[in-house]
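Student: need a structure here:
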Amino acid sequence: MYDGEDDDRDMNESGNAASEVLDALGERLRRRRQDRAMTLADLAAATGVSESLLSRLETGRRRPTVDVLLQLARIHQVTLDDLVGAPATADPRVHPRPSQRFGMTWLPLTGRPGGIQAYKLIIPAGFGGSQPEQRSHEGYEWLYVLAGRLRLLLGEHDLVLAAGEVAEFDTHTPHAFTNTTDTATEVLMLIGPQGERAHVRAHPAPKKAGP
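Tutor: Just a heads-up that it's a prediction; the model follows:
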């Protein structure tokens, strides 16, 4: 007969694991900060969290909220699980949740906050029209066309990329995408903050034959 003892045991084990993670969190936060050669004042300026609160978190006198942990994970460029030292799970897969932005479908392929982010874009047929408005912003982008054709307007350049072709550019340069075909275009995109570039490994140039 079911009496709930198994559930109680599982809940107690989960509670003990969570307590151990929280007890060790202050020291983990302090090591993360020191590894990045940041003072408490530096971290406070970067996150907007007060220096006194950060100090209490590192000494274990205060439990952090999720909002504060997300800010710290972003600055340290790690996942929330890595920041708090959550027990590893057996499933390393990323389960993307698609969203609609700017008329395109975006599937995030990375779970790590900050740094370079990877997305799969699905650009519908006829997207963007013939003369889309070019926009600029902070960052750097790398594109790889998985399927279909992508028209890339980049400053004065008007390019058409076919499946298997790659482009990378500083997003301070005004740019826009269109898909003038009658089928969807699929693109792998890496987006990084300014200064973080994704590099494509080039094959060495063939040696020239001697005279």
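Student: What segments of this structure are strands?
Tutor: Listed from the start of the chain, the chain has strands (DSSP state E) covering 99-101, 104-108, 117-123, 140-147, 149-154, 157-162, 166-170, 175-178, 185-192.
Student: Pick out the shakiest of these, pLDDT-wise.
Tutor: Comparing mean pLDDT over these, the weakest stretch is strand 99-101, at a mean of 82.
Student: other SSEs contacting it?
Tutor: If you count contacts as 3 or more C-beta pairs under 8 Å, 6 or more residues apart in numbering; DSSP states H and E, strand 99-101 packs onto strand 104-108. C-beta here means a position set from N, CA and C on the backbone, and glycine is covered the same way.
Student: In terms of secondary structure, what does the strand it packs on contact?
Tutor: Using 3+ C-beta pairs under 8 Å, 6+ apart as the contact criterion, the neighbours of strand 104-108 among helices and strands are strand 99-101, strand 117-123.
Student: what would the strands of the chain look like in TSV with distance to Ala44?
Tutor: Formatted as TSV, the entries for the strands of the chain read as follows, by distance: least, C-beta to C-beta, whole Å:
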stretch	distance to Ala44
strand 99-101	32
strand 104-108	29
strand 117-123	26
strand 140-147	28
strand 149-154	39
strand 157-162	43
strand 166-170	31
strand 175-178	36
strand 185-192	25
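Student: Output the ones you listed in TSV, with mean neighbour count and distance to Thr65 appended to each entry.
Tutor: Rendered in TSV, the data for those read as follows (neighbours: other C-beta atoms under 10 Å; distance: least, C-beta to C-beta, whole Å):
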stretch	mean neighbour count	distance to Thr65
strand 99-101	10	25
strand 104-108	16	24
strand 117-123	19	24
strand 140-147	18	32
strand 149-154	20	42
strand 157-162	12	44
strand 166-170	15	36
strand 175-178	20	38
strand 185-192	19	28
